[in-house]
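Student: Fold the following, please.
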Amino acid sequence: MTSLLPRCGDEMSLTSAELDYLQKRDDEAEHELNERCSCSLQAEHTGHHTALVQCLSGTEWWLSWGKDGAAPPFARLTGGKRLLPLDCCPTVSPRDKEESCLLFESHDGAHSFFLEPEAAPVPSRKYRAMIAADLRSEMAPDEERYLLATEAFLEEPVDAVLPLLTAHEAMAVTVLLTKLAGDEWLVEGHVEELVSRLEGRMVAAGVCPEKLLSTTA
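Tutor: Numbers count the residues shown, from 1 in each chain. Sure, this is the predicted structure:
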C-alpha cells in the first residue's frame, strides 16, 4: 500500500472583513464556515499557503496567504485580497476514476488523493454556541445547577479581591482555563469571561505584559 504524503497544515485565521464577506452570503453557503483555516497543500510546498474556506453557489473560495499571514505575491493583481474564487483541479485518481482531486486548479505539490486526510476543522464560534445550547437543553437539572451557580457568581459585582494566588499561578490558571474553553463548548462563554477578568487584573498589576488568551490560543 502506498504511503500517503503529509500536508502542510500551516494555520491562518480569517480577518473580520473576510468573515463579514462570507457571512453576508451565508444563504449560498454549502458547509459550516470556520474562522481558522489549515493549508491543504503538500508539506514543504513552494509558494503561498492555501485553504478551502467556503463553497458559495458551487464556486469554491480559497484563502491564500504568504509568510506571516501576508497576502500572497500574486495578490497585487487582486487588490491585495487573500480570499479568491478558484476553479477545481480536474485531475482524477489513477486508482479510482470516481475520486477527484479536491484542491484547486494548478495547485503546487501532490493531488489530494495522494495526501493524508485533513484534520477536522474547528467549528466557528456561532456553530459552537449552537452546539452548546443543544447540550444544555439536554442536561439533567442536577447537572445544570453548576452552570447556573457559575453564571450567578459572574453576574455579581466585583467585591473583595483575595490574595490567594501568586502571579505565576494566576498565569497558569489562565492558560488552563483557555485550553478548557477550546475543548468544552458548553462553558466556553463562562470561561472566557473569567479569563478576561483575570487577565485584566494581571495586566493592571503589571505582572503580565499582555493578554495570555491571545498569545496561547
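
Student: Mind exporting the C-alpha coordinates of the helix or strand harbouring residue 53 to PDB?
Tutor: Under the criterion DSSP states H and E, the helix or strand holding residue 53 is strand 49-56. Only the C-alpha atoms of strand 49-56 are listed here, as PDB (Å, rounded to 0.1, in the frame of the first residue of the first chain):
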ATOM      1  CA  HIS A  49      -0.400  28.600   1.600                       C
ATOM      2  CA  THR A  50      -3.900  27.900   0.500                       C
ATOM      3  CA  ALA A  51      -7.000  26.500   2.300                       C
ATOM      4  CA  LEU A  52     -10.600  26.000   1.200                       C
ATOM      5  CA  VAL A  53     -12.800  28.300   3.200                       C
ATOM      6  CA  GLN A  54     -16.300  28.000   1.700                       C
ATOM      7  CA  CYS A  55     -18.300  26.900  -1.400                       C
ATOM      8  CA  LEU A  56     -20.800  29.600  -2.400                       C
END
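
Student: for it, packing partners?
Tutor: The helices and strands touching strand 49-56, judged by 3 or more CB pairs under 8 Å, 6 or more residues apart in numbering; DSSP states H and E, are helix 16-23, strand 36-38, strand 59-65. For every residue, glycine as well, the C-beta is placed using N, CA and C.

Student: what is the rounded mean pLDDT of the second one?
Tutor: By that I understand strand 36-38. Per-residue pLDDT values over strand 36-38 give a mean of 87.

Student: Quick check: buried residues in stretch 15-26?
Tutor: Of the residues in stretch 15-26, those buried under the neighbour-count criterion (16 or more other CB atoms under 10 Å) are 18, 19, 21, 22.

Student: Residue 136 versus the nearest residue to the second one once chain neighbours are set aside, what's the distance?
Tutor: Distances taken as CB to CB, 6 or more residues apart in numbering place residue 35 nearest to residue 19, at 6.6 Å, with adjacent residues excluded. With the distance defined as CB to CB, to the nearest Å, residue 35 ends up 22 Å from residue 136.

Student: now the buried residues of stretch 15-26 as JSON lines including pLDDT and distance to residue 88?
Tutor: Conversion of the buried residues of stretch 15-26 to JSON lines gives the following (pLDDT from 0 to 100; distance: CB to CB, whole Å):
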{"residue": "18", "pLDDT": "86", "distance to residue 88": "21"}
{"residue": "19", "pLDDT": "85", "distance to residue 88": "24"}
{"residue": "21", "pLDDT": "86", "distance to residue 88": "21"}
{"residue": "22", "pLDDT": "87", "distance to residue 88": "19"}
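
Student: Output these as CSV; include the columns distance to residue 178.
Tutor: Converted to CSV, the buried residues of stretch 15-26 look like this (distance: CB to CB, whole Å):
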residue, distance to residue 178
18, 24
19, 21
21, 28
22, 26
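
Student: tell me which of those residues is nearest to residue 83?
Tutor: Comparing those against residue 83 with CB to CB picks out residue 18 as the nearest, at 5.1 Å.

Student: which regions of the protein sit below the pLDDT cut-off?
Tutor: 1-2, 67-81, 120-127, 159-160, 162, 164, 182-183, 207-217 (pLDDT under 70).

Student: Sounds good, over and out.
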